[in-house]
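Colleague: Sequence below, structure please.
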Amino acid sequence: MKIKFSILLSALSFFLGNHANAKSGMKFSSSPISNYKNNTRYNIAEHGASGDGKTLNTKVIQTVIDECAQKGGGTLVIPKGVFLSGSLFLKPGVNLELQQGAVLKGSTNINDYQKLNTRIEGHFEPWRAALLNGDRVDHLRITGPGTLDGSGEPFYKLFYSTRSAIPGTTNLNVERPRLTFIQNSKDVKISGVLFLNSGFWNLHLYRCQKVIVENCRFQAPSGPTPNRGPSSDGIDVDSSQDITISGCSFSIGDDCIALKGSKGPFAMQDKDSPPVERILIKDCIFEAGGGIVTFGSEATLVRDVEVKRCITRGPTVLRLKLRPDTPQQYENIRMSDITMENGGAIFKVSPWTQYFDLKGEQAPKALVRNIKISNIRGTGASFGEITGHAQAEIMDITVKNADIKLKSEEFKLGNVKGLTFKNVKVNGVKMLVPKVL
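Modeller: Have a look, this model is predicted:
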């Protein structure tokens, strides 16, 4: 009788709670609860891995990962030392802890990274796996304060020498490993890790939901070519939703945070590339790179993006790449409380034509709308540019409450409608309408 009463009471409570939520108009999503509660720890050094920076540990570490998964999960521990490895594949229930002084260092031999059909630059093709890979690893936790080191320098040199010798060389013509690739996963948290010198993208999230990346550092060479890490993006959010990036710092050779999807004239029909949406970037510092946040180049529908309380010390505030070969829709972008400390341009909204292929089709349309930038302070280079290709429609952009000093007041404008300034002060002068040169 007591059991029946308890069940009835629980059901009534659930009904009343849902009724109250519905009545108030509020929406609640239940917090994911990990299915993996095994606290067993697997120290790779205790299983035969060598931290001398010379011994290739791929097989040893993968064996420990597999054992951990087979025994119900737990945490793979990388202790102090430099552990050289090729591509590793995490399993469901296996977390990763990089302890103080720990370095998981990628091999410089491309053949130590498995070649498989993988998502890269907006589609699938045979390419090299990342140093650290995870597929369907819900509830994954990767924690620092240790380092993931991509050993990128030989890969950078190979790319530049190949491009110099063979004109028209594309990013994918020279195989380079990403540092971390997580796909098809929910409730992922990555915290306190240094991502260093990735051969290609540092952290690639594909078809993931509810991911938190916090208090991580992303570093790669950022000088002029050839002293720059090509394609060394910090975080690539690819066809993913509900992503939070908080308290991170970026000093890299390409885009700091890139929001990506598919490419080509049929991209909107690509079922493997759902919209990128509900992205929150907050309390981050951007030292070097292409922009605080970049849309594209391979991207279709990107919306509901918020950036707040961030500092730029060089990168552009907002970078939108418009591909003439891809139907694109970028909308509902909010940026607030942005500090520019000798920053770059505020806008770089422009065509991106480095690589494209219309496949014999007519040029598709693009739409950019509903952008609001508010409470921006400090010093920068210029307003930048807002232009588009012939099929692009750009509208409803507002800059509000800005007090900035710019080296140049140049603002290149193209086919943009509804550009509004509200309480904008540049070099001490209030501006109602942007100056166009």
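Colleague: contacts and neighbour counts: CA atoms only from here.
Modeller: Fine.
Colleague: check which helix or strand covers residue 277.
Modeller: strand 276-282 (DSSP states H and E).
Colleague: swap in residue 158?
Modeller: Under the criterion of DSSP H and E, residue 158 resides in helix 153-165.
Colleague: you'd agree residue 94 is up against residue 76?
Modeller: Yes: contact criterion CA atoms under 8 Å: residue 94 and residue 76 qualify, at 6.7 Å.
Colleague: Please identify which of those two sits among more neighbours.
Modeller: The neighbour comparison of residue 94 against residue 76 (other CA atoms under 10 Å) goes to residue 94, with 29 against 22.
Colleague: What backbone torsions are found at that one?
Modeller: The phi and psi torsions at residue 94 (degrees, to the nearest 10) take the values phi -110, psi 110.
Colleague: Now do the contacts for it.
Modeller: 65, 68, 69, 73, 74, 75, 76, 140 (CA atoms under 8 Å, 6 or more residues apart in numbering).
Colleague: Kindly recompute the last result at 7 Å.
Modeller: Counting by CA atoms under 7 Å, 6 or more residues apart in numbering, residue 94 makes contact with 65, 68, 69, 73, 74, 75, 76.
Colleague: sorry, back to before: which SSE is immediately downstream of the helix holding residue 158?
Modeller: Beyond helix 153-165 on the C-terminal side, the first helix or strand identified by DSSP H and E is strand 180-183.
Colleague: So which bits of that next one are buried?
Modeller: Across strand 180-183, burial judged by 16 or more other CA atoms under 10 Å covers 180, 181, 182, 183.
Colleague: In JSON lines: those, plus distance to residue 278 and pLDDT.
Modeller: Output for the buried residues of strand 180-183, formatted as JSON lines (distance: CA to CA, whole Å; pLDDT from 0 to 100):
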{"residue": "180", "distance to residue 278": "22", "pLDDT": "99"}
{"residue": "181", "distance to residue 278": "20", "pLDDT": "99"}
{"residue": "182", "distance to residue 278": "18", "pLDDT": "99"}
{"residue": "183", "distance to residue 278": "17", "pLDDT": "99"}
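Colleague: Throw those residues into a markdown table and include distance to residue 412, thanks.
Modeller: Shown next, in a markdown table, are those (distance: CA to CA, whole Å):
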| residue | distance to residue 412 |
| --- | --- |
| 180 | 37 |
| 181 | 37 |
| 182 | 38 |
| 183 | 39 |
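Colleague: Which of those sits closest to residue 314?
Modeller: Closest to residue 314 out of the buried residues of strand 180-183 is residue 180 (25.5 Å), distances taken as CA to CA.
Colleague: Tell me the bridge partners for the closest one.
Modeller: Counting by DSSP bridges, residue 180 is bridged to residue 132, residue 203.
Colleague: pretty sure it contacts residue 203?
Modeller: Yes: taking contacts as CA atoms under 7 Å, residue 180 lies within contact range of residue 203: 4.8 Å.
Colleague: would you list every one of the helices in the stretch 301-437 of the chain?
Modeller: In the stretch 301-437 of the chain, no helices are found when defined by DSSP state H, counting those that start in this stretch.
Colleague: so where's it shaky on pLDDT?
Modeller: Counting by pLDDT under 70, the stretch 301-437 of the chain contains low-confidence ranges at 433-437.
Colleague: Going by residue numbers, what spans are strands in it?
Modeller: 301-312, 316-322, 328-340, 345-351, 366-380, 382-386, 392-406, 411-413, 416-426, 429-431 (DSSP state E, counting those that start in this stretch).
Colleague: Need the residues that contact the last one.
Modeller: Put plainly, it is strand 429-431. Contacts of strand 429-431 (CA under 7 Å, 6+ apart): 423, 424, 425.
Colleague: Report how many residues lie close to the second one.
Modeller: Going back to what we said before, that points to residue 424. 22.
Colleague: residues contacting it?
Modeller: 400, 401, 402, 403, 430, 431 are the contacts of residue 424 under CA under 7 Å, 6+ apart.
Colleague: Could you export stretch 349-364 as CSV, keeping only the C-alpha atoms?
Modeller: Taking Å, rounded to 0.1, in the frame of the first residue of the first chain, the C-alpha atoms of stretch 349-364 are listed here in CSV:
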residue,chain,number,x,y,z
VAL,A,349,31.8,40.5,-43.9
SER,A,350,33.0,39.7,-47.4
PRO,A,351,33.1,37.1,-50.2
TRP,A,352,35.4,34.1,-49.6
THR,A,353,36.6,32.7,-52.9
GLN,A,354,39.8,30.9,-52.1
TYR,A,355,38.3,27.5,-53.0
PHE,A,356,34.9,27.1,-54.6
ASP,A,357,33.0,25.0,-57.1
LEU,A,358,29.6,25.7,-58.5
LYS,A,359,29.4,22.3,-60.1
GLY,A,360,27.8,23.8,-63.2
GLU,A,361,24.9,25.2,-61.1
GLN,A,362,23.7,28.8,-60.9
ALA,A,363,25.2,30.9,-58.1
PRO,A,364,23.0,30.4,-54.9
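Colleague: How far does that stretch sit from its chain's centre?
Modeller: Relative to its chain's centre, stretch 349-364 lies at 23 Å (CA atoms, centre = their mean, to the nearest Å).
Colleague: For it, give me every contacting residue.
Modeller: For stretch 349-364, the external contacting residues (CA under 7 Å, 6+ apart) are 264-265, 297, 319-327, 385-389, 391.
Colleague: Check stretch 228-236 too.
Modeller: 156, 198-205, 218, 220-222, 250, 252-260.
Colleague: at 6 Å instead, please
Modeller: 156, 200-204, 218, 220-222, 253-259 (CA atoms under 6 Å, 6 or more residues apart in numbering).
Colleague: Which ones among these lie within helices?
Modeller: Those of these mapping onto helices are residue 156, per DSSP state H.
Colleague: Just the contacts of stretch 228-236: which are in strands?
Modeller: 203, 204, 218, 257, 258, 259 (DSSP state E).
Colleague: Quick check: the farthest pair among those residues?
Modeller: By the measure CA to CA, 218 and 259 form the most distant pair in the ones in strands among the contacts of stretch 228-236, at 16.4 Å.
Colleague: Neighbour count: those two, which is higher?
Modeller: residue 259 (29 against 24).
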